[in-house]
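1. my questions concern the predicted model and sequence given below.
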Amino acid sequence: MRKITEIIIHCTATRPDAECTVESIRRYHRSLGWHDIGYHYVIYPDGSVHSGRPVEQAGAHCPGHNARSIGIAYVGGLDDDGRPADTRTEAQRIVLLQLVRDLMEEYAVTENHGHNEYANKACPCFDVRQWLKDNNL
């Protein structure tokens, strides 16, 4: 098993009502030449958590950090006009927090970041560190 030290949170950069599934993301990522979906987990607007790439495999979600991280994406990140926005549903917020807690415990993760901390992107469209701090994590 690879050593996992961090979790990186993403959004799919889609409107929350978009038909965005693990399979549609997988097809898109494969069209880019990747061998699988880049994320390990995807959280749908209803709060359901879906597995993507196996955690045992390095992701393809954040260059320079994939070897030691788990990538989680929530479906959303664009408002109705297509602008970056924190569109997480209450169900996504609750489940994301619990998933981060569970993964931190299971893998002894010491760092949590938003993709925007490593790339010039809005993704995940909220301040991960502040959100986790506000939620005592």
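-> Now that the structure is in, tell me what you want to look at. Numbers count the residues shown, from 1 in each chain.
2. run through the helices of the protein in chain order.
-> Assigned by DSSP state H, the helices in the chain fall at 22-31, 90-107, 128-134.
3. residues making contact with the longest one?
-> Residues lying outside helix 90-107 but in contact with it, judged by Cβ atoms under 8 Å, 6 or more residues apart in numbering, are 4, 7, 9, 41, 43-49, 70, 72, 74-76, 88, 109, 112, 132, 135, 137. In short, each C-beta sits where N, CA and C put it, glycine included.
4. next step: these restricted to strands.
-> Among the contacts of helix 90-107, the members falling in strands (DSSP state E) are 7, 9, 41, 43, 49, 70, 72, 74, 112.
5. tabulate the residues you listed (a markdown table), appending neighbour count, distance to Gln92 and pLDDT.
-> Output for these, formatted as a markdown table (neighbours: other Cβ atoms under 10 Å; distance: Cβ to Cβ, whole Å; pLDDT from 0 to 100):
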| residue | neighbour count | distance to Gln92 | pLDDT |
| --- | --- | --- | --- |
| Ile7 | 23 | 15 | 98 |
| Ile9 | 28 | 11 | 98 |
| Tyr41 | 25 | 12 | 98 |
| Ile43 | 27 | 5 | 98 |
| Val49 | 16 | 10 | 98 |
| Ile70 | 27 | 17 | 98 |
| Ile72 | 26 | 11 | 98 |
| Tyr74 | 30 | 5 | 97 |
| Asn112 | 21 | 16 | 97 |
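6. specify which member of the residues you listed is nearest to Ala119.
-> Of all the ones in strands among the contacts of helix 90-107, Ile9 has the smallest distance to Ala119: 12.5 Å, by Cβ to Cβ.
7. how near is the closest one to Ala73?
-> Ile9 sits 8 Å away from Ala73, going by Cβ to Cβ, to the nearest Å.
8. likewise Glu19?
-> Distance from Glu19 to Ala73, by Cβ to Cβ: 15 Å.
9. which one of those two is surrounded by more residues?
-> Under the criterion of other Cβ atoms under 10 Å, the comparison of Glu19 against Ala73 puts Ala73 first, with 30 against 7.
10. ok, what's across the strand from the more buried one?
-> Assessed by DSSP bridges, Ala73 has beta-bridge partners His10, Val42.
11. check contacts around it.
-> 9-12, 25, 39, 41-43, 61, 124.
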